[in-house]
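Colleague: Sequence first, predicted model second:
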Amino acid sequence: MSTNGDMPSTRSYKDAIRALNSLQSNFATVAVRRSAAVDAAKLMPEMLEWTARCGYTPEQLDSLNVVHVTGTKGKGSTCAFTHSILERYRSAISGPITRMGMYTSPHLKSVRERIMLDGQPLDEARFTRYFFEIWDKLGLAEDGGEERPAYFRFLTLLSFHVFKSEGVDTAIYEVGVGGQYDSTNVFVRPTVTGITALGIDHTTMLGTTLAEIAWNKAGIFKKGTPAVTVVQPEEGMKVIRERAAEREVASLEVVEKREGLAGIKLGLAGEFQKQNAAVAVELARLHLKALGVAGMDFGLQDPIPLEFERGLEAANWPGRCQTIHEDTITWFIDGAHTLESVHVASEWFGSVVPKQRGQRVLLFNQQTRDVAALIRELYETVAAAGVKFDHVIFTTNLTWSSGTYSDDLVSINTSQEQVDELVVQKRLAELWSQMDDKKSRKHIFHDIETSVNFIRSLEGPVDVFVCGSLHLVGGFLTVLDK
C-alpha cells in the first residue's frame, strides 16, 4: 500500500491499522524530540493546515458543540462521567442532543475506542471507510515521505471527519497533551472548557513548574465560553485565573466539592472520583444550558437532577479502578502511570483488596517514564495500607507469548533493544529487592500472555494488582478476552 493510485480497490480494517501505525514516531525520533526544544509556534498552524486539507474550518467544527477537557489527572474519567450524564439527554427524535461523539486517548484494546459514537467505539467498517477518506484527502503514503501528520494528529483529524459525517451535535474532546498547542485545540467556541487536577508530567513539552503547566492547560479557554476547574495548588490557580481573564472567558467556575454526591454510588470506583464527578456535573450543566435546556441554573450546594444522578451511577471507564472476577482470581486494574495517579490507584487497591485471604500478586510495567519513582510510590502506598505481595511480576508491553503485539497495540516508540533484553524489567526487580523486607518472589516475563498464564497457575484465591501503564492494561485486557 503506498499512494492513492496504488491502493487496492478494497481496503480492510487491517490495512487501515497498518497505515495508521506507519504514522508512529520510532524510538530514535522520540528520543531526539525529547532532547530538543519543541517549536511550539509551528504546532497549531500545522494542525489548522491539516484540518483545512481535510475540508473543514474551525468555525465549521463548532457545530459539534464541543465540551473540551484537559488536566493531568482524571480528565478521561471526567469525560466518561460527562458523557454518561449527557447520554440521559440524548434522543434522536426530540432531545437537545441527537448524536453524541467522544474523542479520548490512549485506547486500551482497540484504536476505535478513541472515537466513540453514542457510547460505542466506532465499528470497523466505519473506521475503515472514514480513515481512508482522510488518508486519501491528505495524499498520504504508508512508506513515509514528508509532511505527514503524526499518529495522534491524524486520529484527531479523523475524529473531526467522523463526527461531522455522522451528524454529531454534542462532542466531548479530551486533550492529548497540555492544551495550548494540543491538536484538539482548534475549536473557536466550544460550549464549555474544563481543567481537572494538575500535576507535573510531560515536562519536556509543558514545562517543569506547576505554573508553566497551568498556563499550557488553560490554553483551551476561549473568549465567551464558560470555564471550569477543580481547586488547584495556589501556584497553578493563580495562572489559571490570569489566563481566564486574558482569554475573556464567560465565567470561571472553581469546583471544590459538590454537595449531594455523597449518597450516589458512582459508576467509577475510587474516593478520588468524587472530584472528577463534581467537575463533570458542572461541565454537563453548562453544556446543557448552552443548548437551551431549562433547569440548568442549580449551584454547587443544590441537589442535582435525577438524570445527572443516573448518569454518574452508570458511568463506565475500563482500565481505571476496574475489578474483574475470574474463577479464583480477582483482578484489580488501573492504568496509572504518573506519580499522582499511581498513588491514588495504590490507595484504591489497598482499600478494596481483602486483607485476610489467599495470595497477592503485582503485575507491573512502565517502559518510558521514571520507573524508580513510580515503583517506590506504589510500594510505599500499598505497604501503608498493610498489603504485601507474595509474587511481583515485571513484564514488557508485548501482548503475546509469540513476541508480537495485538495489531491495535503495536508500539514502535520504545526501544526494541531494551524490550528484547528486558532492561527496564531487570531494573524494576532490583529496585523492588532494595525496598521489600518481606522478600516477595520476583518474576520477569517477556510478554503479558505468559504473565497471565503464570498467575492462572497459582493456587487460589489470588488477588492481582495490574498497574503502571495503560499500554500494559490494554494488552492485559486483550489477553483476558482471549
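Modeller: In hand now; what should we look at?
Colleague: wait, is residue 116 part of a strand?
Modeller: Yes. Counting by DSSP: H, G, I helix; E, B strand; the rest coil, residue 116 is found in a strand.
Colleague: who's it bridged to?
Modeller: Going by DSSP bridges, residue 116 is paired in beta bridges with residue 102, residue 121.
Colleague: just checking, it touches residue 102?
Modeller: Yes. When contacts are counted by C-beta atoms under 8 Å, residue 116 is listed as touching residue 102 (4.2 Å). Where C-beta positions appear, they are placed from N, C-alpha and C, glycine not excepted.
Colleague: and for these two, which residues touch both?
Modeller: Listed contacts common to residue 116 and residue 102 are residue 83; contacts here mean C-beta atoms under 8 Å, 6 or more residues apart in numbering.
Colleague: of these two, who's got more company?
Modeller: Neighbours around residue 116 and residue 102, counted as other C-beta atoms under 10 Å, are more numerous at residue 102. The numbers are 26 against 22.
Colleague: and the more buried one, how far is that from residue 117?
Modeller: According to C-beta to C-beta, to the nearest Å, residue 102 stands 8 Å off from residue 117.
Colleague: How about residue 187?
Modeller: From residue 187 across to residue 117, the span is 19 Å (C-beta to C-beta).
Colleague: Please identify which of the two sits among more neighbours.
Modeller: Taking other C-beta under 10 Å, residue 187 and residue 117 do not tie; residue 187 has more neighbours (22 against 18).
Colleague: Could I get the pLDDT score of that one?
Modeller: Predicted confidence (pLDDT) for residue 187: 97.
Colleague: What strands line up against whichever helix or strand residue 363 is part of, and which way round?
Modeller: Using DSSP states H and E, residue 363 maps to strand 359-364. Listed by DSSP bridges, the sheet partners of strand 359-364 and their directions read strand 391-395 (parallel), strand 462-467 (parallel).
Colleague: Among those, which comes closest to residue 240?
Modeller: Closest to residue 240 of these is strand 462-467 (C-beta to C-beta; 29.9 Å).
Colleague: Identify the bridge partners of residue 364.
Modeller: Beta-bridge pairing for residue 364 (DSSP bridges): residue 394, residue 467.
Colleague: Give me the neighbour count for it.
Modeller: 24.
Colleague: Can you tell me how far it is from residue 348?
Modeller: According to C-beta to C-beta, residue 364 and residue 348 sit 15 Å apart.
Colleague: quick one: average pLDDT of stretch 395-409?
Modeller: 92.
Colleague: Run through who's touching it.
Modeller: 14, 17-18, 107, 109-112, 363-365, 367, 411, 414, 419, 422, 424-425, 444-451, 453, 469, 471-472, 474-475, 478-479.
Colleague: On the three-state scheme, residue 444 is what?
Modeller: Three-state call for residue 444 (three-state DSSP): strand.
Colleague: That one contacts residue 421, doesn't it?
Modeller: No. Assessed by C-beta under 8 Å, residue 444 is found out of contact with residue 421, at 11.0 Å.
Colleague: Compare these two (neighbour count), which wins?
Modeller: Comparing residue 444 with residue 421 by other C-beta under 10 Å, the one with more neighbours is residue 444, at 16 against 11.
Colleague: beta partners for that one?
Modeller: Taking DSSP bridges as the rule, residue 444 bridges to residue 394.
Colleague: so who does it touch?
Modeller: Listed by C-beta under 8 Å, 6+ apart, the contact partners of residue 444 are 393-395, 422, 425-426, 429.
Colleague: what about residue 68, helix or strand, and which?
Modeller: Taking DSSP H and E as the definition, one finds residue 68 inside strand 66-70.
Colleague: for residue 250, same thing?
Modeller: Using DSSP H and E, residue 250 sits within no helix or strand.
Colleague: So for the chain, the centremost residue is which one?
Modeller: With distances taken as C-alpha atoms, centre = their mean, the residue of the chain nearest its centroid is residue 105 (4.1 Å).
Colleague: pretty sure it is in contact with residue 177, am I right?
Modeller: No. Using C-beta under 8 Å, residue 105 is not in contact with residue 177, being 9.3 Å away.
Colleague: low pLDDT regions in this structure?
Modeller: Applying pLDDT under 70 to the chain flags the ranges 1-9, 25-39, 144-146, 200-207, 412-415.
Colleague: At which residues are the strands of it located?
Modeller: Counting by DSSP state E, the chain has these strands, from start to end: 66-70, 100-103, 115-117, 120-121, 170-174, 192-195, 227-230, 252-255, 322-326, 329-333, 359-364, 391-395, 441-445, 462-467.
Colleague: From residue 199, how far off is the residue nearest to the centre of the chain?
Modeller: Look at residue 105 and residue 199: by C-beta to C-beta, they are 18 Å apart.
Colleague: Nearest spatial neighbour of residue 365, chain-adjacent residues omitted?
Modeller: Closest residue in space to residue 365, ignoring its immediate chain neighbours: residue 472 at 4.6 Å, by C-beta to C-beta, 6 or more residues apart in numbering.
Colleague: How much space separates that neighbour from residue 362?
Modeller: Distance from residue 472 to residue 362, counting by C-beta to C-beta: 12 Å.
Colleague: can you tell me which helix in this protein is longest?
Modeller: Criterion DSSP state H: the longest helix present in the chain is helix 273-290.
Colleague: sorry, back to before: including distance to residue 149 and neighbour count, could the contacts of residue 444 go into TSV?
Modeller: Converted to TSV, the contacts of residue 444 look like this (distance: C-beta to C-beta, whole Å; neighbours: other C-beta atoms under 10 Å):
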residue	distance to residue 149	neighbour count
393	37	27
394	35	26
395	32	27
422	33	17
425	33	24
426	37	12
429	39	17
